[in-house]
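Engineer: Give me coordinates for this.
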Amino acid sequence: MRILAISDLHLSYPSNRKALAELEEHPDDWLLLAGDTGEKVGHLESALDALCPRFAKVFWAPGNHELWTPWGRGGRLRGEARYRRLVEVCRSRRVRTPEDPYDAVELGGQVLVVAPLFLLFDYSFRPDEVPLEDVIAWAAEGNIVSADEQYLDPWPYPSRGAWCEARCRDAEERLSKVPRAHRLVLLNHFPLRQDLVRLRQIPRFSPWCGTRRTEDWHRRFNVAAVVTGHLHLRSTDWRDGVRFEEVSLGYPEHWDRQKGIEGYLREIWPGPPEGSQTVWHR
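Structural biologist: I've put the predicted structure just below:
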């Protein structure tokens with residue numbers, strides 16, 4: 001048995017849908033799906049209908065695209081209600097979500113606990129000299145305005161930051177109850193550390209990429225690996241002996257169609273040896 005991961009399937013693109021349909025079967029493996037299957041509930045449904053028969057177990061964490069309400073508020077689910085609808089879609093297919101009990105498995109003589117998270121962002125991934133109230137203007141000076149400002153509705157929370165804070169508090173409480181002898185695999189769409197957000201082409205997009213609240217979670221908890229997406233920049237990094245995996249597929253221009261999705265599945269467990277050199281996956 002292996003634990004594999006991928007994110008950012010973006011099934012609104014025909015080439016991505018075609019590649020998903022051609023994915024090989026992995027009947028003995030678990031799959032971690034780190035969000036952004038697409039913008040419609042139907043995209044998540046299509047992703048899970050393709051993936052669940054191919055894997056022994058599937059885990060899901062939501063991305064920002066899945067939470068979007070692109071066509072306005074009238075009669076459409078938004079904010080927390082939309083998230084709960086996505087959870088229902090997952091549960092109807094026995095997919096584990098951030099709302100479910102964590103799953104544990106014994107591998108290699110140790111117990112691994114897979115913890116799907118939904119943590120959002122709070123604009124704290126910004127330079128120290130930029131005040132929170134100026135962060136949107138600061139990003140706009142670099143010609144960056146995230147679509148989340150228009151489409152990601154935090155209702156009923158007063159702001160995206162408030163929603164993020166509530167989600168982080170809930171996750172911290174749950175993670176603190178996991179036995180310390182067990183090793184955690186954290187699954188979240190957004191990166192957990194600001195220093196891993198290396199957006200050389202669009203550096204001022206960082207405020208929409210996570211929260212500083214999670215910077216030390218890999219030390220506070222007994223973490224074996226952290227799995228995230230969002231950046232469309234595949235990487236393996238180590239911090240304090242903990243492996244951080246960015247596992248995006250991305251838009252069609254971000255991946256090689258000859259490899260297919262199979263070529264971008266990341267092995268989380270057993271994975272590379274501890275302390276191995278940082279690897280960038282193109």
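Engineer: Tell me where the stretch 1-150 of the chain has helices.
Structural biologist: Shown for the stretch 1-150 of the chain, the helices assigned by DSSP state H, counting those that start in this stretch span residues 14-21, 41-51, 64-67, 79-91, 135-141, 148-151.
Engineer: Show me what the first one is packed against.
Structural biologist: The one in question is helix 14-21. On a contact count with 3 or more C-beta pairs under 8 Å, 6 or more residues apart in numbering; DSSP states H and E, helix 14-21 meets helix 41-51. Glycine gets a C-beta too; all of them are placed from N, C-alpha and C.
Engineer: quick one: the helix it packs on to helix 79-91, angle?
Structural biologist: Interaxial angle of helix 41-51 relative to helix 79-91 (axes from the mean of the first three to the mean of the last three C-alpha atoms, to 10 degrees): 20 degrees.
Engineer: picking that back up, looking at the helices of the stretch 1-150 of the chain, which is closest to G250?
Structural biologist: For G250, the closest of the helices of the stretch 1-150 of the chain is helix 14-21, at 8.7 Å, according to C-beta to C-beta.
Engineer: neighbouring contacts of that closest one?
Structural biologist: Residues outside helix 14-21 that contact it (C-beta atoms under 8 Å, 6 or more residues apart in numbering): 9-11, 46-47, 50-51, 249, 251-252, 257, 260-261.
Engineer: just stretch 191-207 next, same as before
Structural biologist: Residues from elsewhere that reach stretch 191-207, judged by C-beta under 8 Å, 6+ apart: 119, 121, 123-126, 135-136, 138-139, 141-142, 144, 146, 186, 209-210, 212, 214-215, 217-218, 226, 228, 230-231, 233, 235, 237, 239, 244, 246.
Engineer: out of those residues, which are buried?
Structural biologist: Buried subset of the contacts of stretch 191-207 (neighbour count, 16 or more other C-beta atoms under 10 Å): 119, 121, 123-126, 135, 138-139, 144, 146, 186, 209-210, 214-215, 217-218, 226, 228, 230-231, 233, 235, 237, 239, 244, 246.
Engineer: Strands - which of those residues land there?
Structural biologist: Of these, the ones assigned to strands by DSSP state E are L186, V226, T228, S235, D237, R239, F244, E246.
Engineer: The closest residue to the third one other than its chain neighbours: neighbouring residues, count only.
Structural biologist: In other words, T228. Once flanking residues are discounted, T228 sits nearest to P191: 5.0 Å by C-beta to C-beta, 6 or more residues apart in numbering. Residues near P191, counting by other C-beta atoms under 10 Å, number 28.
Engineer: Let me know whether my guess that P191 is in a strand holds.
Structural biologist: No. Checked against DSSP: H, G, I helix; E, B strand; the rest coil, P191 lies outside a strand; its state is coil.
Engineer: C168 is in contact with R213, correct?
Structural biologist: Yes. Taking contacts as C-beta atoms under 8 Å, R213 lies within contact range of C168: 4.8 Å.
Engineer: Determine the residues that are contacts of both of these two.
Structural biologist: L119.
Engineer: From W238, how far off is the nearest residue to E106 once chain neighbours are set aside?
Structural biologist: Nearest residue to E106, sequence neighbours excluded (C-beta to C-beta, 6+ apart): L112, at 7.6 Å. Distance of L112 to W238, given as C-beta to C-beta, to the nearest Å: 18 Å.
Engineer: okay, the two: which has more neighbours?
Structural biologist: L112 (20 against 14).
Engineer: Specify the beta-bridge partners of the more buried one.
Structural biologist: V105, R183 (DSSP bridges).
Engineer: ok, the nearest residue to F118 once chain neighbours are set aside to F59 distance?
Structural biologist: The shortest distance from F118 to any residue other than its chain neighbours is 4.2 Å, reached at P98 (C-beta to C-beta, 6+ apart). Using C-beta to C-beta, P98 is found at 9 Å from F59.
Engineer: Lovely, talk soon.
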